[in-house]
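In: my questions concern the predicted model and sequence given below.
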2 protein chains.
Amino acid sequence: MKKIIIIALALSSIITFSQNDEEVIKTIYKQSLTNGKSYDWLNHLSNQIGSRLSGSLGAEKAVAYTKVELEKLGLDKVWLQPVMVPRWIRGAKEFAFIETSPGKTTNVNICALGGSVATPALGLKASVVEVQNFEELEKLGKENIEGKIVFYNRPMQADLILTFEAYGGCVNQRYQGAIEAAKYGAVGVIVRSMNLRLDDLPHTGSMTYDDLPVEKRIPSAAISTNDAELLSAMLKLDNSTKFYFKQSCKQLKDVQSYNVIGQITGSEFPNEYMVVGGHLDSWDLGDGSHDDGAGVVQSMDVLRLLKESGIKPKRSIRVVLFMNEENGLRGGNKYAEVAKQKNENHVFALESDSGGFTPRGFSFDCNDASFEQVLNWKPLFKPYLIHYFEKGGSGADVGPLKTESNVLAGLRPDSQRYFDHHHASNDTFDAVNKRELELGAATMTALVYLFDKYGINPINSPNNIKK
Amino acid sequence: MKKIIIIALALSSIITFSQNDEEVIKTIYKQSLTNGKSYDWLNHLSNQIGSRLSGSLGAEKAVAYTKVELEKLGLDKVWLQPVMVPRWIRGAKEFAFIETSPGKTTNVNICALGGSVATPALGLKASVVEVQNFEELEKLGKENIEGKIVFYNRPMQADLILTFEAYGGCVNQRYQGAIEAAKYGAVGVIVRSMNLRLDDLPHTGSMTYDDLPVEKRIPSAAISTNDAELLSAMLKLDNSTKFYFKQSCKQLKDVQSYNVIGQITGSEFPNEYMVVGGHLDSWDLGDGSHDDGAGVVQSMDVLRLLKESGIKPKRSIRVVLFMNEENGLRGGNKYAEVAKQKNENHVFALESDSGGFTPRGFSFDCNDASFEQVLNWKPLFKPYLIHYFEKGGSGADVGPLKTESNVLAGLRPDSQRYFDHHHASNDTFDAVNKRELELGAATMTALVYLFDKYGINPINSPNNIKK
């Protein structure tokens, strides 16, 4: 019996939060759910501005709008951080068909991949070779591929519970498909959309040519999952089936754009910076409500919710709305570069870039001591059904801020519906639920509050026990 | 150090599952996500049959369809259990307006509550008294209420994380609003829809007159949340504002219907019954995809998934598709009544009736020993992000099966979007995500598998440790 008591006491002394924290976090959630701003901001970004591809008018408007909105919050500082971004434009809507015999064609839904070159003006028609991966390409070799269109058709793995893992297992087809196929003389690339559902929507996304000479670059497009199934079936019936597609996208010169930054300056440790952010740019097919309008407005609301909940941060809290995550990461890299130049100590950075769905928790990129610290806070989140605290990645934009001692984190919302919308024309405002969005903003704010209050790695510091 | 090891050993001996269970559960989830039937069944129920209000042609078709589908599964027994159900019909679409001055009207969206009487054929127009609760009614008294329409406008509480709690805190306005208002001579009742969003859709649901004489029954309707806000604002500007509504619903005679039941007979303990179910009836405005088409098809798939995963149950597993949960619970009561007559020992019953969204866990109505048993299985569910294991209610249909020793449970999906659709015209197939539905079916199957394998309350039985 005595032993049990001793152990119970030993365990309880590890708990590094106070009853007051429970109250503060309750206030944060209540503020977000009854007095949140994120949904109104998202409505404007999605329905008044719309898509925000880097270098587009939409992106420019989003910079101006979010700067003005941050200025209204009475932060200590709001500014634009200049960054040059690539500008790729889609041009006229793409067109494609499957030709089973001369004149017998079936139209299918495609979209150019971001960064792809155009087809010849009259389009491109060729035989098709279907593969699941790059190993198959290599086996087939130049003799079976030259002059043909390579069709990558490896589906996302449905039995993975975390859909981002299924995405990670497929996305090399989209990102590197063209450069791999070009090695064997392919004339074009068609990639099955990164979508777990069967539907008619093509999903765009970035692709690379690395340093392939311009004349060797081949056009690359995504095809809807339904049409990928159709094309595959047609090829099985008759492997002389041809595919035609036409796209007129092009890469223009880099243009000036901006990260949008707002700051509450810390009262005790103003030189310790904590970042919360999402990316302001989006793809051009939908209005980017989930990717990443949600992360943008949630991050903005973190600073507002801190203020509304009466929290005066000890450390400097910044909201950073990064430009150009989708096709270049120029904003994320620029922010980290400037932070390094200025010798700013970034102790914590949290990104929301996994959709505006019900939050489940966080993924942490940090050392063991910091992770232990976070795990001790887990009970504070239980009333809000936040349960996922795992080591893993954070977010593309905050990634460049990584040091050995700091903590990077990513919000992890429910991911089941995310790839139904990701980079497609149905990534729109109506697919975002107000409460789910607000729960995400509150969950982020609660974590920022705790890291601000207790600092990073204080687990062994007696000052931070039961304070 | 020694102490820690002793305690660690003591803790590990409590773990009442084996490595094989991990494998079996993995198979169940994989089957559901790659080879599930629930979504196809729901497509038919929702899009080929549609709404299934008790006594309607849709309900009759759903009985016939699900019986045939269960028969295809090669279960040991499939049958219909007769039950008489109430039949209420909505009649012509309702019509309503706010009249701020003679001839100056604004149309609003209402729907009759299930069980309500009609208005007079030409409709009903009266002044309005807005209240938040029954206490306000009592304070206002007959002198302020007689001859008027009572408008219940207490909104669902937005800062409750479990939206069913917010529903529970409001639904007495809908269920008992008419009978309470009638006490003070009100001529009609308008209730703010049970919806956390602001939108234009009225949400129906059951209401009662208890034993109020027929001539004293007053018509009762739900108004959309947007229109509730509008009516409230109009009343604040001018409390002589009138409300008009017209509805032609009526209660017909009871009709014959059925619970649909399928069974896999247990190999070792055939007289121990385990039930998994949902309700086949729905409201009439949408197609009842979430409420409770989802629960029906998930429950059907539990038995199929057990078979497909190579599990031969020791106990008899029944899927029960209950009739008339929405406006009578006749099916649930009948099933329990017959079970009692036949002296069937129902050791476990699980209901899915909270929507087809991503499953988060279960709520358990059971004794402490059984709950402890369940908590020990929690780690098995972690890979599937199932984390919510709490004591609480189960489901309306399985409730009547309660004994002191058995376990009743309810699947608990993410609830944030549920009341956007509940009992409204947008409870439709497109609002259900295939993966979310399938994850729910797998989660239910995994729990049924564990209870079947280990029985109820075996925690102190050495036979069930590490088997």
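Out: That came through, no problem.

In: for the rest of this, base every contact and every neighbour count on C-alpha atoms.
Out: Will do.

In: and chain A, which residues reach chain B?
Out: A:3, A:29-30, A:33-34, A:158-159, A:161, A:358, A:383-385, A:387-388, A:414, A:416-417, A:433, A:435-436 (C-alpha under 8 Å from any C-alpha of the partner chain).

In: whichever of the residues you listed end up buried, select them in PyMOL.
Out: A single PyMOL command selects the buried members of the residues of chain A next to chain B (16 or more other C-alpha atoms under 10 Å in any protein chain shown):
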select buried, chain A and resi 29+30+33+158+159+161+358+384+385+387+388+414+416+417+433+435+436
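
In: run a quick neighbour tally on A:Ser51.
Out: Neighbour count of A:Ser51, defined by other C-alpha atoms under 10 Å in any protein chain shown: 28.

In: show me where the stretch 51-200 of chain A has helices.
Out: A:57-72, A:134-145, A:163-168, A:171-182 (DSSP state H, counting those that start in this stretch).

In: in chain A, which helix is the longest?
Out: helix A:434-454 (DSSP state H).

In: keeping just the C-alphas, turn that helix into PDB.
Out: Taking Å, rounded to 0.1, in the frame of the first residue of the first chain, the C-alpha atoms of helix A:434-454 are listed here in PDB:
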ATOM      1  CA  LYS A 434     -17.300  26.100 -38.900                       C
ATOM      2  CA  ARG A 435     -17.000  24.200 -35.600                       C
ATOM      3  CA  GLU A 436     -14.300  21.900 -36.800                       C
ATOM      4  CA  LEU A 437     -12.300  24.900 -38.000                       C
ATOM      5  CA  GLU A 438     -12.800  26.700 -34.700                       C
ATOM      6  CA  LEU A 439     -11.900  23.600 -32.700                       C
ATOM      7  CA  GLY A 440      -8.600  23.600 -34.600                       C
ATOM      8  CA  ALA A 441      -7.900  27.200 -33.900                       C
ATOM      9  CA  ALA A 442      -8.600  26.700 -30.200                       C
ATOM     10  CA  THR A 443      -6.400  23.600 -30.100                       C
ATOM     11  CA  MET A 444      -3.500  25.500 -31.600                       C
ATOM     12  CA  THR A 445      -4.000  28.400 -29.200                       C
ATOM     13  CA  ALA A 446      -3.900  26.100 -26.200                       C
ATOM     14  CA  LEU A 447      -0.600  24.500 -27.300                       C
ATOM     15  CA  VAL A 448       0.900  28.000 -27.900                       C
ATOM     16  CA  TYR A 449      -0.300  29.100 -24.500                       C
ATOM     17  CA  LEU A 450       1.400  26.200 -22.800                       C
ATOM     18  CA  PHE A 451       4.700  26.500 -24.600                       C
ATOM     19  CA  ASP A 452       4.700  30.200 -23.900                       C
ATOM     20  CA  LYS A 453       4.000  29.800 -20.300                       C
ATOM     21  CA  TYR A 454       6.400  26.900 -19.600                       C
END
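
In: and that helix, what does it pack onto?
Out: Judged by 3 or more C-alpha pairs under 8 Å, 6 or more residues apart in numbering or on different chains; DSSP states H and E, helix A:434-454 is in contact with helix A:19-35, helix A:38-43, helix A:294-308, strand A:359-365, strand A:407-413.

In: any idea which helix or strand comes after the third one?
Out: Next helix or strand after helix A:294-308 toward the C-terminus (DSSP states H and E): strand A:315-322.

In: direction included, what does that following strand pair up with?
Out: Next to strand A:315-322 in the sheet, as set by DSSP bridges, lie strand A:250-264 (antiparallel), strand A:269-279 (parallel).
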